[in-house]
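K.L.:
the following block contains a protein sequence and its predicted model.
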Amino acid sequence: METLILFTLLLAPLLPITFILLLILQRENKNNPQKKNLPPGSLGIPYVGQSLGLLNAIRTNTAEEWLKKRIDRHGPVSKLTLLGRPTVFVAGPAANRFVFANEGNALGSHQPSSFTRILGRRNFFELVGEEHKRMRAAVGVFLRPEVLKRYVGKMDEEVREHLELHWKGRSHVKSVTAPIKSQVVPLTKILAFDILSSLIFGLERGDQRSRLLEDFKLLIKGILSVPIDLPFTRFGRSLRACRRTRDTVKEIVRERRSALDRGLIEPNRDVITSLICFDGSERALTEEEIVDNVVFLMVAGHDTSSVLVTFIVRQLAMDPTIYDNVLREQEEITKNKGPGERLTWEDLSRMKYTWRVAMEVLRMVPPLVVNFRKALKDIEYGGYHIPKGWQILWSKSVTYMDENMFPEPKKFDPTRFENPSAIPPYSYVPFGGGARICPGNDFARIEVLVTIHYLVTQFKWKLCGADDSFTRNPAPSPSGDLPIQLEQKIIV
Ligand code: HEM
């Protein structure tokens, strides 16, 4: 008995220490990702993991198959290593919903360092929470339909001028950079740039716009590149072009500010003036915020819209019935217009079939097959644990080729969008969703519809050559930049 008392007396002081140690151990276990229910799949070789496989699949346009194989092997949630970071891959309608619902709270945007270094620390993707909301409210002033509808005529003017300058009077569409070849891609890029600079900067054709175009072309090439800043690297050239672009944009901001102060222009003349005038919360936007975000808008609106127009042109060349249907709809609109009369917002709302063609192109050739996010805190999804700091690889378009969502998914069929309720929720999200839903979707819609209206009513075209394949870098690009043979219609 005495021995027991002695033993208890000796152990008693150790009890609290043992208890604390147990608590620490329990916490350690809780925080150790190894001990939690991580998604299936292997992290592969440290740092490299599955990066080369996915990058190669994106380049060769087999990313959908690559992702599908992963889903068949591990299910819709799996872990891997990409670009040096532990990653969780998620796909399917539930994943789309998960990303949209947790945006800015448990998930944040996550971009490669080349992207952030070129587009600045205050760009959309770097902003979270209230700051992100504020920036969206600021661009929303101009990009909302009530304001944009006043600018349909301006876009109409840009498209017509572009066709006049670059497409008309040629039996072949000539590349601006390589006159021997006939290519659509460089033209749709110039058109997207012209429309954006007209509405974002309020810039007319001239020296300042041409300078901006040359720098913009270099800037955009380095956004996804190895971030080595040397005079001869792609990244280095892009970074220098970005500095020049930012200087030009600052110049424009100062010009607009001074014109506003003197009452020479209206607040919603273009995106820059509406950002200068924005006073949505306690303070106005800083010059850095305005510059970072107009450059971001240019980038976000450029390759997306130009890719969409390019692939509509390609589809219309490959499918005469679709071309005829689009033409019929557009001729109905022309019938009610006088010579040279511009398109209006009401005209666009009647282009229902044409927009369904655009939606079907976005389904079959989404501008991006994967996006990245970062877990801002520990989070559960699909019964698995995603540790704070891990990268999320998210493919919102994996569902587009799933026959359970889109019957006969390989068939080009715009009529599948006639009844929106037939498309399962969260399975078709070309403009994203949640807090980061594309604020430029109405802008893109106007741009695409106006362009297709004038293309089909003024031209007929066919593909040169039988190769209708395309690669990705990471945006899709048709083989040979889509050479076409163009025939101008005689309008009587
Ligand atoms: C066919 C054309 C377009 C498509 C398919 C498209 C698609 C998208 C998608 C899917 C996102 C969300 C990305 C994510 O969640 O990671 C996005 C974001 C964005 N888009 Fe677009 N976009 C298009 C055109 C435009 C245009 C013309 C503009 C500007 C005038 C624009 C401006 C933006 C901006 C600023 C964001 C970032 C929003 C944020 O982070 O809050 N987009 N776009």
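P.N.:
Good, I have the coordinates.
K.L.:
the residue of the stretch 351-492 of the chain found nearest the ligand - nearest residue in space that isn't next to it in sequence?
P.N.:
Taking C-beta to the nearest ligand atom, the ligand has its nearest neighbour within the stretch 351-492 of the chain at G440, 2.1 Å off. No exception for glycine: its C-beta is placed from N, CA and C like everyone else's. Closest residue in space to G440, ignoring its immediate chain neighbours: G301 at 5.1 Å, by C-beta to C-beta, 6 or more residues apart in numbering.
K.L.:
wait, that neighbour touches R445, no?
P.N.:
No. Counting by C-beta atoms under 8 Å, no contact exists between G301 and R445, whose distance comes to 11.9 Å.
K.L.:
which one's more surrounded, the two?
P.N.:
Ranked by neighbour count (other C-beta atoms under 10 Å), G301 and R445 place G301 first, with 23 against 20.
K.L.:
can I take it that that one is in a strand?
P.N.:
No. With the criterion set as DSSP: H, G, I helix; E, B strand; the rest coil, the secondary structure at G301 is helix rather than a strand.
K.L.:
and the gap between the residue of the stretch 351-492 of the chain closest to the ligand and L191?
P.N.:
G440 sits 15 Å away from L191, going by C-beta to C-beta, to the nearest Å.
K.L.:
got it, and I484?
P.N.:
Between I484 and L191 the distance, using C-beta to C-beta, works out to 15 Å.
K.L.:
what's the neighbour count on G263?
P.N.:
Here the number of neighbours of G263 (other C-beta under 10 Å) works out to 7.
K.L.:
my read is it is in a helix, agree?
P.N.:
No. Looking at G263 with three-state DSSP, it is coil, so not inside a helix.
K.L.:
sorry, back to before: out of G440 and L191, which sits in the busier spot?
P.N.:
Comparing G440 with L191 by neighbour count (other C-beta under 10 Å), the higher total belongs to L191, at 22 against 18.
K.L.:
doesn't that one fall inside a strand?
P.N.:
No. Applying three-state DSSP, one finds L191 to be helix, outside a strand.
K.L.:
shouldn't it be in contact with E161?
P.N.:
No. Counting by C-beta under 8 Å, no contact exists between L191 and E161, whose distance comes to 9.8 Å.
K.L.:
ok so, going back, and the pLDDT for the residue nearest to G440?
P.N.:
G301 carries a pLDDT score of 94 in this model.
K.L.:
ok, now T471?
P.N.:
At T471, the pLDDT value in this model is 89.
K.L.:
quick one, what contacts whichever residue of the stretch 251-400 of the chain sits closest to the ligand?
P.N.:
Each residue of the stretch 251-400 of the chain has a distance to the ligand, by C-beta to the nearest ligand atom, and the smallest belongs to G301, at 3.0 Å. Contacts for G301 were tallied using C-beta atoms under 8 Å, 6 or more residues apart in numbering; they are A192, L196, I200, G440, F443, A444.
K.L.:
against the ligand, how distant is the first one?
P.N.:
Relative to the ligand, A192 is positioned 8 Å away (C-beta to the nearest ligand atom, to the nearest Å).
K.L.:
touching, that residue and A300? I think so.
P.N.:
No. Because the distance of 11.0 Å does not satisfy C-beta under 8 Å, A192 is recorded as not touching A300.
K.L.:
which one of these two is surrounded by more residues?
P.N.:
Under the criterion of other C-beta under 10 Å, the comparison of A192 against A300 puts A192 first, with 26 against 20.
K.L.:
which non-adjacent residue is nearest the more buried one?
P.N.:
The shortest distance from A192 to any residue other than its chain neighbours is 4.0 Å, reached at S306 (C-beta to C-beta, 6+ apart).
K.L.:
worst mean pLDDT across the helices and strands of the protein, which element?
P.N.:
Evaluated with mean pLDDT, DSSP states H and E, the helix-and-strand set of the chain has its lowest mean pLDDT in helix 2-11, which scores a mean of 43.
K.L.:
name the element L393 belongs to?
P.N.:
Assigned by DSSP states H and E, L393 belongs to strand 391-395.
K.L.:
one more: L148?
P.N.:
Element membership of L148, judged by DSSP H and E, is helix 145-148.
K.L.:
kindly report the same for L52.
P.N.:
Short version, using DSSP H and E: L52 is in helix 51-59.
K.L.:
cool, and F89?
P.N.:
In this structure, F89 sits in strand 85-91 according to DSSP H and E.
K.L.:
which helices and strands does the helix or strand following that strand pack with?
P.N.:
On the C-terminal side of strand 85-91, the nearest following helix or strand under DSSP H and E is helix 93-102. Here helix 93-102 is seen to pack against strand 379-381, strand 391-395 when contacts are counted using 3 or more C-beta pairs under 8 Å, 6 or more residues apart in numbering; DSSP states H and E.
K.L.:
mind checking which of the contacts of G301 are in helices?
P.N.:
The helices in this structure, assigned by DSSP state H, contain A192, L196, F443, A444 from these.
K.L.:
quick one: residues in contact with stretch 465-483.
P.N.:
So stretch 465-483 is in contact with 58-61, 63, 172, 175, 181-186, 224, 303-304, 307, 310-311, 313-314, 318, 365, 367-370, 463-464, going by C-beta under 8 Å, 6+ apart.
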